[in-house]
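Enquirer: 3D, please:
(one chain, ligands or ions: 3)
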Amino acid sequence: MSECIKRQASLPLPEGREVYTNKVLAVVGELGLKCFVQTFGCQQNEADSERIAGMAVAMGYTLTAEPNEADLIVVNTCAVREHAEKKALSLIGQYKHCKSNKKELVIAVCGCMPSQQHRADEIKHKYPYVDFTFGTSDLYMFPELLYRRLSGAKRTFVIPEDKPPVVEDIPVVRESNYRAWVSIMYGCNNFCSYCIVPYVRGRERSRHPDAIEAEVRELIASGYKDITLLGQNVNSYGRGCDFDCDFADLLERLASIEGDYKLHFMTSHPKDATKKLVDVMARNDRIARQFHLPLQSGSNEVLDVMNRRYTAEKYLEILDYIKEKLPDVTLSTDIIVGFPGETEEDFQKTLDILSYVKYDMVFSFIYSPRSGTPAAKMENSITDEIKSDRMRRLLDLQTEIASELNAKCIDKTYRVICQGKSKNNEGMLEGRTEGNKIVLFASDTAREGDYVKVKVTKTQPYALFGEVVK
Ligand code: SAH
Ligand code: SF4
Ligand code: F3S
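Expert: Ligands and ions are numbered 1, 2, ... in the order given. Below you'll find the predicted structure:
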């Protein structure tokens with residue numbers, strides 16, 4: 001038995017959450033139950049998972065990293081490409097045996113995947129041991145959904161509203177004590193023709209700048225040093241709101257908070273990136289010298305069909321301005337390879353921009369059709385063979401560019417934030433520059449979250465190696 005529901009408007013939202021949190025706490029509070037949260041997808045999902053963990057703790061659960069010992073498993077999913085969905089579904093499949101071993105185990109699936117009706121239906125029918133699903137904008141409903149299920153209610157599959165409310169004050173348990181995510185807005189209005197995000201995260205809505213400032217102040221006061229402001233298109237922050245603060249204003253306001261920290265942000269949509277924003281960065285040292293500006297394709301024809309609403313020329317205009325005003329900036333981008341109808345000539349234009357800009361990092365993705373998006377209906381698809389060949393050529397070119405750029409870092413000294421032991425280089429610690437470059441170094445004294453000065457002595461395309469200096 002199951003039911004599909006929309007948000008219940010009967011209770012004021014935060015109050016509703018607290019009421020159900022206390023109800024669950026009253027039931028499970030003394031039982032020492034454990035909750036395991038598994039996260040797929042982007043930083044926004046990571047930020048959401050920290051809220052899910054926060055709510056679980058408020059309801060009396062302790063967090064565990066071990067699904068086998070959990071009494072509550074929450075899988076926070078991504079739908080951006082087919083591979084992401086397959087991974088999540090395969091993992092959910094594996095949890096069937098956990099439920100067979102422990103009948104009272106509750107399994108919830110949330111995030112972008114079950115926000116699509118066809119995936120909610122699939123979970124309902126093919127994964128009968130999943131107790132309930134909810135979307136990214138229904139996070140605050142988690143205690144209510146859990147309480148209902150624990151009280152013997154039917155399985156529930158919540159499909160998010162198109163225009164969900166902004167809910168503040170959801171409790172949070174952050175993964176790190178020096179790096180933090182701060183969502184400044186939710187959803188997306190851009191409808192790039194390949195992208196599922198606007199369908200699963202709803203329309204764009206911004207948090208009030210006062211609420212954001214309060215959260216950032218609290219983080220800085222508690223010693224956080226690396227704060228990333230999140231939104232699918234941070235450059236349209238505040239649009240259509242009843243306050244007068246655009247993204248550049250917000251950044252400047254936050255960067256005026258006293259303290260030793262860096263502000264990062266993602267993602268910037270090129271069509272809305274302004275010179276005003278770059279000027280704010282140039283005059284505020286607390287904003288990291290890092291700019292991620294997704295290009296997707298270097299061909300105007302492809303950009304047009306992608307509905308990106310900028311041309312390669314317009315993109316390069318803002319990029320040149322960034323380079324001029326922020327000479328030490330680290331640049332990165334996203335590229336989609338093999339979009340329907342992409343010709344060899346179109347692809348060459350993408351490579352030409354990579355060679356011209358010389359990005360420090362390129363995140364490249366093979367186009368993956370997403371059901372319900374306009375691009376999925378386009379007929380001129382590219383063969384897998386051509387897609388893989390173009391991907392390989394792009395990676396080869398980028399490796400060459402990254403080696404060249406990193407080689408220029410030799411003998412330079414960077415202040416890096418230590419992120420603990422390196423997984424791939426035994427005995428070394430791993431840090432990140434403010435531009436997010438990986439730096440490996442040895443130290444007996446540096447601890448995770450410390451700022452360390454490192455002089456670069458050796459480089460690879462995707463990492464710098466160095467020695468600690470005083
Ligand atoms: N809002 C951000 C990014 C969202 S998704 C932006 O506009 O840049 C992150 C990246 O995934 C996108 O930049 C794009 O490069 C890639 N992506 C999105 N949908 C995709 C699809 N259907 N196939 C392949 N890559 C995709
Ligand atoms: Fe997707 Fe485009 Fe929105 Fe980014 S801006 S989330 S790529 S629709
Ligand atoms: Fe994936 Fe949703 Fe983020 S689809 S990339 S988790 S917005």
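Enquirer: pLDDT wise, what is residue 380 at?
Expert: For residue 380, the pLDDT comes out at 93.
Enquirer: so the closest residue to it other than its chain neighbours is in which element?
Expert: Spatial nearest neighbour of residue 380, excluding adjacent residues (Cβ to Cβ, 6 or more residues apart in numbering): residue 341 at 4.3 Å. Using the backbone N, CA and C atoms, a C-beta is placed for each residue, glycine as well. Counting by DSSP states H and E, residue 341 is held by no secondary-structure element, helix or strand.
Enquirer: List the backbone torsions phi and psi for residue 341.
Expert: phi 80, psi 0 (degrees, to the nearest 10).
Enquirer: just residue 360 next, same as before
Expert: Main-chain dihedrals, residue 360, degrees, to the nearest 10: phi -70, psi -40.
Enquirer: Quick check: it touching residue 332?
Expert: Yes - with contact defined as Cβ atoms under 8 Å, residue 360 counts as touching residue 332 (6.0 Å).
Enquirer: Show me which of the two is the more surrounded one.
Expert: residue 360 (23 against 17; other Cβ atoms under 10 Å).
Enquirer: Using the three-state scheme, assign the residue of the stretch 201-350 of the chain found nearest ligand 2.
Expert: Closest approach between the stretch 201-350 of the chain and ligand 2, counting by Cβ to the nearest ligand atom: residue 232, at 3.9 Å. Following DSSP: H, G, I helix; E, B strand; the rest coil, we place residue 232 in the coil state.
Enquirer: Surely it touches residue 195?
Expert: No - counting by Cβ under 8 Å, residue 195 is not a contact partner of residue 232; they are 9.0 Å apart.
Enquirer: which residues do those two both contact?
Expert: In terms of Cβ atoms under 8 Å, 6 or more residues apart in numbering, residue 232 and residue 195 are both contacted by the residues residue 188.
Enquirer: Can I get the longest helix along the chain in PDB? Just the C-alpha atoms.
Expert: The residue-count maximum for a helix in the chain (DSSP state H) belongs to helix 384-407. Once non-C-alpha atoms are left out, helix 384-407 reads as follows in PDB (Å, rounded to 0.1, in the frame of the first residue of the first chain):
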ATOM      1  CA  ASP A 384      29.100   6.400 -28.400                       C
ATOM      2  CA  GLU A 385      32.300   5.900 -30.400                       C
ATOM      3  CA  ILE A 386      32.500   9.500 -31.400                       C
ATOM      4  CA  LYS A 387      31.600  10.700 -27.900                       C
ATOM      5  CA  SER A 388      34.400   8.700 -26.400                       C
ATOM      6  CA  ASP A 389      36.900   9.800 -29.000                       C
ATOM      7  CA  ARG A 390      36.100  13.500 -28.400                       C
ATOM      8  CA  MET A 391      36.200  13.000 -24.700                       C
ATOM      9  CA  ARG A 392      39.700  11.400 -25.000                       C
ATOM     10  CA  ARG A 393      41.000  14.300 -27.200                       C
ATOM     11  CA  LEU A 394      39.600  16.900 -24.800                       C
ATOM     12  CA  LEU A 395      41.200  15.200 -21.800                       C
ATOM     13  CA  ASP A 396      44.500  14.900 -23.600                       C
ATOM     14  CA  LEU A 397      44.500  18.600 -24.500                       C
ATOM     15  CA  GLN A 398      43.500  19.600 -20.900                       C
ATOM     16  CA  THR A 399      46.200  17.500 -19.400                       C
ATOM     17  CA  GLU A 400      48.700  19.300 -21.500                       C
ATOM     18  CA  ILE A 401      47.300  22.700 -20.500                       C
ATOM     19  CA  ALA A 402      47.200  21.800 -16.900                       C
ATOM     20  CA  SER A 403      50.800  20.600 -16.900                       C
ATOM     21  CA  GLU A 404      51.900  23.800 -18.500                       C
ATOM     22  CA  LEU A 405      50.000  25.900 -16.000                       C
ATOM     23  CA  ASN A 406      51.100  23.900 -13.000                       C
ATOM     24  CA  ALA A 407      54.800  24.000 -14.100                       C
END
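Enquirer: Check which residues of it are buried.
Expert: Buried residues in helix 384-407, counted by 16 or more other Cβ atoms under 10 Å: 387, 390, 391, 394, 398, 401, 402, 405, 406.
Enquirer: how close does the residue nearest to residue 380 get to residue 352?
Expert: 19 Å (Cβ to Cβ, to the nearest Å).
Enquirer: quick one, which of the two is more surrounded?
Expert: The neighbour comparison of residue 341 against residue 352 (other Cβ under 10 Å) goes to residue 341, with 16 against 13.
Enquirer: mind listing what the more buried one touches?
Expert: Contacts for residue 341 (Cβ under 8 Å, 6+ apart) come out as 301, 302, 305, 378, 380, 382.
Enquirer: Pull up the residues of the stretch 51-200 of the chain that are close to ligand 1.
Expert: Within the stretch 51-200 of the chain, the residues that sit near ligand 1 (Cβ under 6 Å from any ligand atom) are 80, 81, 194, 195, 197.
Enquirer: For these, give me CSV that also has pLDDT.
Expert: Shown next, in CSV, are these (pLDDT from 0 to 100):
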residue, pLDDT
80, 98
81, 98
194, 98
195, 98
197, 97
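Enquirer: where does the protein come near ligand 3, residue by residue?
Expert: 41-42, 44-45, 78-80, 111-112, 196-197, 200-201.
Enquirer: between the residues you listed, which is nearest residue 287?
Expert: Checking the residues of the chain next to ligand 3 against residue 287 with Cβ to Cβ, the nearest one is residue 44 at 20.2 Å.
Enquirer: check which helix or strand covers the closest one.
Expert: Going by DSSP H and E, residue 44 is part of helix 43-58.
Enquirer: Name all residues that make contact with the residue in the stretch 151-300 of the chain that ligand 3 sits nearest to.
Expert: Across the stretch 151-300 of the chain, no residue is closer to ligand 3 than residue 197, which sits at 4.8 Å (Cβ to the nearest ligand atom). Contacts here follow Cβ under 8 Å, 6+ apart; on that basis residue 197 touches 80, 112, 188, 232.
Enquirer: repeat that with 6 Å
Expert: Counting by Cβ atoms under 6 Å, 6 or more residues apart in numbering, residue 197 makes contact with 188, 232.
Enquirer: What residue spans form the domains of the chain?
Expert: 2-159, 179-407, 413-468 (automatic domain parsing).
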